[in-house]
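Trainee: I would like to see how this sequence folds:
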Amino acid sequence: MEYVLLFVLGLAAGSFYNVVIYRLPRNVSLISPPSSCPSCGSRIRWYDNIPVVSYILLKGRCRFCGAKISPQYPVVELLSGLLIVFSYQRWGLSLDFLVYYLFFSALLVLSLIDLRWFILPDQITLPGIALGLIVSPFRETLNLTESILGAILGGGVSLAIYLYYVRFRKIEGLGFGDVKLLAFIGSVTGPYGALASLFLGSFLGLLFAFPTVIRRKTVKFAIPFGPFLSLGCFIGILLEDRVLSFLGLK
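Mentor: Below is the predicted model:
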């Protein structure tokens with residue numbers, strides 16, 4: 001029953017995350033006006049705003065104008081529900097459970113914003129860095145020193161890459177938003193999470209970009225790197241025990 005309740009809570013939180021994903025890049029208040037259909041402007045009633053269920057009952061279309069509703073909405077809600085269950089199963093009822101769920105949620109929101117707008121809003125990454133450092137002394141799986149080292153490592157390595165490309169290649173090989181994202185990741189997960197995010201994220205990004213490189217016969221195009229860094233971080237955390245045991249560090 002506790003997993004069911006957490007899953008429902010995650011679905012509800014996912015509904016809010018959809019609001020953030022839509023409004024934050026557009027500089028619209030997250031509180032007002034109430035949610036409405038982007039196509040016809042009709043206000044969405046509470047019974048049409050039940051996570052996942054309303055999407056199914058409405059068959060993915062607005063009740064008033066029939067415009068198609070993006071499947072992103074139920075997908076984000078479901079992912080939020082799964083993330084809170086995963087976090088609880090992994091860390092139990094603890095501060096780490098809350099920190100990691102909010103952290104994964106932030107990565108989810110940032111990834112979808114980056115996919116659409118090629119930006120990683122400071123309103124999420126910068127408070128995330130501060131929060132990661134502030135709560136680290138009270139966590140069981142991380143201490144303040146590891147949090148600081150993770151933020152420095154994640155932000156420092158990516159900043160060096162950013163400056164190299166800007167200074168010598170005259171292009172942005174890595175966006176400055178990615179630098180702040182890696183510092184955020186490091187502040188929450190420590191050096192291990194920062195390195196996992198950077199290496200696995202780079203590998204996943206290369207896999208994604210490779211077909212385009214072959215088709216266009218050029219590497220001069222941009223991809224949103226935030227989603228790959230976020231996914232790399234999640235995979236790294238998922239496999240952390242096995243990786244550390246393999247390296248003889250645990």
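Trainee: Can I get stretch 35-50 in PDB, CA atoms only?
Mentor: Below are the C-alpha coordinates for stretch 35-50, written out as PDB (Å, rounded to 0.1, in the frame of the first residue of the first chain):
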ATOM      1  CA  SER A  35      -4.000  25.700 -16.600                       C
ATOM      2  CA  SER A  36      -5.700  26.100 -19.900                       C
ATOM      3  CA  CYS A  37      -5.600  24.600 -23.400                       C
ATOM      4  CA  PRO A  38      -2.700  26.100 -25.500                       C
ATOM      5  CA  SER A  39      -4.900  25.800 -28.600                       C
ATOM      6  CA  CYS A  40      -8.300  27.300 -27.600                       C
ATOM      7  CA  GLY A  41      -7.400  28.900 -24.200                       C
ATOM      8  CA  SER A  42     -10.300  27.100 -22.400                       C
ATOM      9  CA  ARG A  43      -9.600  26.600 -18.700                       C
ATOM     10  CA  ILE A  44      -8.900  23.000 -17.800                       C
ATOM     11  CA  ARG A  45     -11.300  21.700 -15.200                       C
ATOM     12  CA  TRP A  46     -10.100  19.700 -12.200                       C
ATOM     13  CA  TYR A  47     -11.700  16.500 -13.600                       C
ATOM     14  CA  ASP A  48      -9.800  16.900 -16.800                       C
ATOM     15  CA  ASN A  49      -6.500  17.400 -14.900                       C
ATOM     16  CA  ILE A  50      -6.300  14.000 -13.100                       C
END
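Trainee: for the record, mean pLDDT for it?
Mentor: For stretch 35-50, mean pLDDT is 91.
Trainee: Flag the shaky bits of the protein, pLDDT-wise.
Mentor: Where the chain drops to pLDDT under 70, the residues are 219, 247, 249-250.
Trainee: Let me see the domain layout of it.
Mentor: For the chain, the domain assignment from automatic domain parsing gives the residue ranges 1-92, 94-250.
Trainee: Would you tell me which one of those domains is buried the most?
Mentor: domain 94-250 (a mean of 18; mean count of other Cβ atoms under 10 Å). (Glycine included, C-beta is placed from N, CA and C.)
Trainee: quick one: it to chain centroid distance?
Mentor: Going by Cα atoms, centre = their mean, to the nearest Å, the spacing between the C-alpha centre of domain 94-250 and its chain's C-alpha centre is 9 Å.
Trainee: mind checking how far the one residue sitting closest to the centre of the chain is from V8?
Mentor: Averaging the C-alpha coordinates of the chain gives a centre point, and the residue nearest to it by Cα atoms, centre = their mean is L107 (1.3 Å). The spacing between L107 and V8, counted by Cβ to Cβ, to the nearest Å, is 22 Å.
Trainee: go on, D114?
Mentor: As it turns out, when the distance is counted by Cβ to Cβ, D114 lies 28 Å from V8.
Trainee: quick one: the helices in this protein?
Mentor: Per DSSP state H, the chain carries helices over the ranges 2-23, 53-57, 72-91, 95-117, 122-135, 144-164, 176-216, 226-238, 240-246.
Trainee: Output the ones you listed as TSV; include the columns distance to S36.
Mentor: Formatted as TSV, those follow (distance: least, Cβ to Cβ, whole Å):
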stretch	distance to S36
helix 2-23	11
helix 53-57	14
helix 72-91	14
helix 95-117	19
helix 122-135	22
helix 144-164	38
helix 176-216	29
helix 226-238	28
helix 240-246	42
